[in-house]
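Asks: A predicted structure for the sequence below; I have some questions about it.
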Amino acid sequence: GRAVGEGERGEKRGRMATEIGFGRIRYIREIVGGWVAGESVRVFGRIKHPSDDSLPKLEHEGQTLRVSSDALGDDIVLKEGLMYCVIGELYPDSEGECVLVSRVARMVEGMDMELFRKALELKREFDIKWDAG
């Protein structure tokens, strides 16, 4: 089988390196509700490692998203139960299920998620107001 994020001949899919997105902030529940292959996202959640040794998952507000951390390198270990901000692109696995192919993972344990939620809500209101004109 081929790695997540690779095409039929092993080529990388998605944007060229010079066009890497900044990662639009999305809640996992928003991604679960609908996603686009190749979309660059920034997602927050706690790491959960399944007992079957499959891909780790980010969990937030009862929703989960599988994360491929292969591109982070062998030295990076996502620690169970800690809060992370993960930036990467969304791609389907071999069954068509969504996987976040991470390129950045930062531990943000202790971050005030309620304050973050309020700030994100204000940012989205601002974006709607000023992007519409």
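Replies: Perfect, thanks for sending it.

Asks: any low-confidence regions in this protein?
Replies: 1-19, 132-133 (pLDDT under 70).

Asks: so where do the helices sit in it?
Replies: Shown for the chain, the helices assigned by DSSP state H span residues 28-33, 113-131.

Asks: residues making contact with the last one?
Replies: Outside of helix 113-131, the residues that reach it under the criterion C-beta atoms under 8 Å, 6 or more residues apart in numbering are I25, F44, M83. No exception for glycine: its C-beta is placed from N, CA and C like everyone else's.

Asks: so the last one sits right up against A105, yeah?
Replies: No - taking C-beta atoms under 8 Å as the contact criterion, M83 and A105 are not neighbours in contact, 11.1 Å apart.

Asks: those two: who's more crowded?
Replies: Set M83 next to A105 and count neighbours by other C-beta atoms under 10 Å: A105 wins out with 21 against 18.

Asks: what's around the closest residue to that one other than its chain neighbours, how many residues?
Replies: Nearest residue to A105, sequence neighbours excluded (C-beta to C-beta, 6 or more residues apart in numbering): V86, at 4.9 Å. For V86, the count of nearby residues is 26 (other C-beta under 10 Å).

Asks: so what's V86 up against?
Replies: R42, V43, F44, G45, L58, V67, L100, S102, V104, A105, R106.

Asks: how much space between M107 and H49?
Replies: 15 Å (C-beta to C-beta, to the nearest Å).

Asks: also R29?
Replies: 21 Å.

Asks: V36: what's it in contact with?
Replies: L90.

Asks: residues near L58, how many?
Replies: There are 25 residues near L58, going by other C-beta under 10 Å.

Asks: my read: it touches G45, true?
Replies: Yes - between L58 and G45 there is a contact at 3.3 Å, judged by C-beta under 8 Å.

Asks: what is in contact with those two at once?
Replies: Common neighbours of L58 and G45 (C-beta under 8 Å, 6+ apart) are I28, T64, L65, Y84, V86.

Asks: burial measure for the fourth one, as a count.
Replies: Just to be clear, that refers to Y84. 23.

Asks: now stretch 77-86, how far from the chain's geometric center?
Replies: 12 Å (C-alpha atoms, centre = their mean, to the nearest Å).
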